[in-house]
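> Need a 3D model of the following:
(chains A, B, C and D)
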There are 2 protein chains.
Amino acid sequence: MALTVASADICAPRSHAAKRSSILEAATHVFCREGFAGANIDMIAAEAGVSRQTVYNHHVDKEQLFVAVVQALTERVNAGFFATLATFPDHPGKLDEDLVAFAVRLNRNCICSGDGKFLRKLIHTEGERYPELFAAWREQGPGKAWAALAARFARLAHAGHLDIDDPDVAARQFQALITADLHVSMMLGDQPDDERIRQAATNAVRTFLRAYGKAAFSPQA
Amino acid sequence: MALTVASADICAPRSHAAKRSSILEAATHVFCREGFAGANIDMIAAEAGVSRQTVYNHHVDKEQLFVAVVQALTERVNAGFFATLATFPDHPGKLDEDLVAFAVRLNRNCICSGDGKFLRKLIHTEGERYPELFAAWREQGPGKAWAALAARFARLAHAGHLDIDDPDVAARQFQALITADLHVSMMLGDQPDDERIRQAATNAVRTFLRAYGKAAFSPQA
DNA sequence: ATTTTTTTAGACATCCTTGTCTAAAAAGTC
DNA sequence: GACTTTTTAGACAAGGATGTCTAAAAAAAT
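Presented below is the predicted three-dimensional model:
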């Protein structure tokens, strides 16, 4: 019996659950590249290495497949964000270096990552057409995630490391600053390399700390 | 004869040149709403109040129509940007108020405007598929326009109103900051009202001047 | 008023896509 | 090894879109 289960575990990965995720992954890529209208099921099936019928077998509809893609993507990105947020420097050694490192992680794991890029593009392309689909993202993403980031900054300010009046504004501005240098690349879909991400983070944190840092960081010399 | 010309002037608006722009305008709306693949010529013809054949008459192809839309849009947005840039406060009275007012104009005329929103969305949705189409935008927009904004900030710094080391970075950060509070709305396509635009500009300029302002603005009290 | 151009409505062929269906093959289960 | 479920390839109908064509109507020009 143990043998049966074991062999099932080994062979299963390419057979039911794995086909499901294979289809989801392929669908994510194709929907992002082509948009909902431009994507076609045959493309997705081919890219997943699966017959068309199998796609219809797992996800009834093109529309329901799309919904599944968006949900999975939203959850993954959200989880990734909170995982990264857990590395926020609550007790910084060198505040500037720690913030730069955090900004690099945030950019690389959440914003410039494949998932981040895909989700952003899907929201842009299909957000107006399927408002209810992205309502969940709106609540969880900007609603919860950004508030959580703001809370971290508030704590940092309370501990005397920063001088912040409105933590929500500071959090939004932090996020805006660390992507300021990457907007063009991201709009056109290409992945900035590590050097550019690091440079962007450095520029951002310098400005952020000039604005919100305590005396030690304020002097502009 | 004067009569003929006059009546021609009155009737003409709906007849040749005007049909062209009517089609272009409708196509812009439809392509932005539906994406290139999702848009269909009948929709565009109907929205332009024109028969389908007339669309094919003015623009050979669906693809060529799309190209014309992107070109017209790029030119309009660029012109709008430079028109707004001409109102940059080179000789500011109250620097903070003047910058806020400029930021409001920039947001309203260029970034949150219908054209700005459309161009941004088109770049997002079709930028990867038609890279050569948006190469022109890349050169003119981020290449020229942002450099021009940077030059204005450099002048302001040179005149002793700001303390800026890298004007290009400062310009990008200014742009990032004034849209920081509007990202969610803009991603989902809805137009922020004047009050929100003003608030966003105020938040942005306060932080910008804390980072780049001379002593008078640096104190954080 | 006549002539020329533009526009229109609609029919049309062609292609593509969706979603269903079927019979055969593969995989998994007992 | 026999049985059941999943998968596959391909045919298929139905619908939608593009782009062409034609004959009639409208508009412009002379």
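
> give the contact list for A:Gly38.
Residues in contact with A:Gly38 (C-beta atoms under 8 Å, 6 or more residues apart in numbering or on different chains) are B:Gly35, B:Phe36, B:Ala37, B:Gly38. Every C-beta, even on glycine, is put in place using the N, C-alpha and C of the backbone.

> Report pLDDT for it.
Reported pLDDT at A:Gly38 in the predicted model: 96.

> Same question for A:Ala17.
The model reports A:Ala17 with a pLDDT of 80.

> Is there a neighbour count for it? I'd like the number.
Residues near A:Ala17, counting by other C-beta atoms under 10 Å in any protein chain shown, number 10.

> Serialize the contacts of A:Gly38 to CSV and add fields for distance to B:Glu139 and secondary structure.
Below are those laid out as CSV (distance: C-beta to C-beta, whole Å; DSSP: H, G, I helix; E, B strand; the rest coil):
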residue, distance to B:Glu139, secondary structure
B:Gly35, 24, helix
B:Phe36, 22, helix
B:Ala37, 27, helix
B:Gly38, 28, helix
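
> hmm, which two among those are most spread apart?
Spatially, the most separated pair among the contacts of A:Gly38 is B:Phe36 and B:Gly38, at 7.4 Å (C-beta to C-beta).

> and for those two, which residues touch both?
When contacts are counted by C-beta under 8 Å, 6+ apart, B:Phe36 and B:Gly38 are jointly contacted by A:Gly35, A:Gly38.

> ok, which residues in chain A are in contact with DNA strand D?
Residues of chain A found near DNA strand D (C-beta under 7 Å from any atom of the strand) are A:Ser15, A:His16, A:Lys19, A:Gly49, A:Val50, A:Ser51, A:Arg52, A:Gln53, A:Thr54, A:Asn57, A:His58.

> Distance-wise, check the residue lying closest to the fourth one once chain neighbours are set aside relative to DNA strand C.
To tie it back to what came earlier, the one meant is A:Gly49. Once flanking residues are discounted, A:Gly49 sits nearest to A:Ser22: 6.6 Å by C-beta to C-beta, 6 or more residues apart in numbering or on different chains. Between A:Ser22 and DNA strand C the computed distance is 14 Å (C-beta to the nearest atom of the strand, to the nearest Å).

> before we move on, what about A:Thr179?
From A:Thr179 to DNA strand C the distance is 33 Å (C-beta to the nearest atom of the strand).

> Secondary structure and neighbour count added to the residues of chain A next to DNA strand D, as a markdown table?
Listed next are the residues of chain A next to DNA strand D as a markdown table, based on DSSP: H, G, I helix; E, B strand; the rest coil; neighbours: other C-beta atoms under 10 Å in any protein chain shown:
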| residue | secondary structure | neighbour count |
| --- | --- | --- |
| A:Ser15 | coil | 10 |
| A:His16 | coil | 9 |
| A:Lys19 | helix | 18 |
| A:Gly49 | coil | 12 |
| A:Val50 | coil | 18 |
| A:Ser51 | coil | 12 |
| A:Arg52 | helix | 13 |
| A:Gln53 | helix | 10 |
| A:Thr54 | helix | 16 |
| A:Asn57 | helix | 13 |
| A:His58 | helix | 19 |
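
> now, which of the residues you listed sits nearest A:Ala170?
Closest approach between the residues of chain A next to DNA strand D and A:Ala170, by C-beta to C-beta: A:His58, at 44.0 Å.

> Verify the contact between the closest one and A:Ala18 for me.
No. Applying C-beta atoms under 8 Å, one finds A:His58 not in contact with A:Ala18, separated by 11.4 Å.
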